[in-house]
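> Need coordinates for the following:
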Amino acid sequence: MTYYCTLFLRSDKRDVLSAILPPAAIEALDQEDNQSPVNLARAQRMRIAGFVTRSDLPRYAWYVDSREGVSADESDPLVHVSWLFSQLKPGVLLADAKNQGLDSSLAFYWGGQGTGGGPFISSALAELLAHHKVGLDVGFYYEESASAI
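The predicted structure is shown next:
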């Protein structure tokens with residue numbers, strides 16, 4: 001089974017990250033510019049095909065996931081979320097970053113074989129999420145077992 005968590009950051013301000021992340025963490029982020037020629041052309045192709053693209057999202061998006069620092073076998077979301085938050089500068093709260101124009105969200109990937117179960121949201125995890133005022137989306141995904149392949 002595979003488990004990981006992704007931290008998404010979005011803003012209309014390109015330079016907002018330096019207030020919350022050290023330079024090495026900024027360099028490790030994947031990023032997208034919704035106004036880049038590639039993304040504008042993609043949005044146009046989607047509109048032609050009849051799909052509505054969101055125009056309300058901030059221009060810039062950055063993301064990093066816990067696979068950089070946590071084993072994909074670790075099923076406790078607290079470990080993944082804690083590692084992601086450890087990438088922030090000391091003392092930084094994502095709740096405060098929102099006042100600077102930076103939106104954040106978390107998504108937890110739960111891979112399984114459809115046998116039930118899911119992540120345990122401990123009181124420690126709930127407290128950490130509430131402290132940063134960040135929600136956690138959980139997605140459940142079917143994965144073939146290694147023995148079935």
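
> can you map out the strands along this structure?
For the chain, the strands defined by DSSP state E occupy 3-11, 30-33, 60-65, 103-112, 136-142.

> counting contacts, what elements does the second one pack onto?
By that I understand strand 30-33. strand 60-65 (3 or more C-beta pairs under 8 Å, 6 or more residues apart in numbering; DSSP states H and E). Every residue, glycine included, has its C-beta placed from N, CA and C.

> buried sites along the strand it packs on?
If you call a residue buried by 16 or more other C-beta atoms under 10 Å, then strand 60-65 has these buried ones: Tyr60, Ala61, Trp62, Val64, Asp65.

> Sort out which residues of the longest helix seen in the chain are buried, please.
Using DSSP state H to define each element, the chain has its longest helix at helix 37-48. Within helix 37-48, the residues that count as buried by 16+ other C-beta under 10 Å are Ala43.

> Next, the angle strand 60-65 makes with that helix.
100 degrees (axes from the mean of the first three to the mean of the last three C-alpha atoms, to 10 degrees).

> Give me the mean pLDDT for helix 37-48.
If you average the pLDDT over helix 37-48, you get 91.

> Give me the contact list for that helix.
Glu32, Asp33, Val52, Thr53 (C-beta atoms under 8 Å, 6 or more residues apart in numbering).

> Just the C-alphas of it, formatted as PDB.
Taking Å, rounded to 0.1, in the frame of the first residue of the first chain, the C-alpha atoms of helix 37-48 are listed here in PDB:
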ATOM      1  CA  PRO A  37       1.600  30.100 -22.200                       C
ATOM      2  CA  VAL A  38       1.400  26.300 -21.700                       C
ATOM      3  CA  ASN A  39      -1.300  26.500 -19.100                       C
ATOM      4  CA  LEU A  40      -3.300  29.200 -21.000                       C
ATOM      5  CA  ALA A  41      -3.100  27.000 -24.200                       C
ATOM      6  CA  ARG A  42      -4.200  24.000 -22.100                       C
ATOM      7  CA  ALA A  43      -7.200  25.900 -20.700                       C
ATOM      8  CA  GLN A  44      -8.200  27.000 -24.200                       C
ATOM      9  CA  ARG A  45      -8.100  23.400 -25.500                       C
ATOM     10  CA  MET A  46     -10.200  22.300 -22.500                       C
ATOM     11  CA  ARG A  47     -12.800  25.100 -23.200                       C
ATOM     12  CA  ILE A  48     -12.900  24.000 -26.900                       C
END
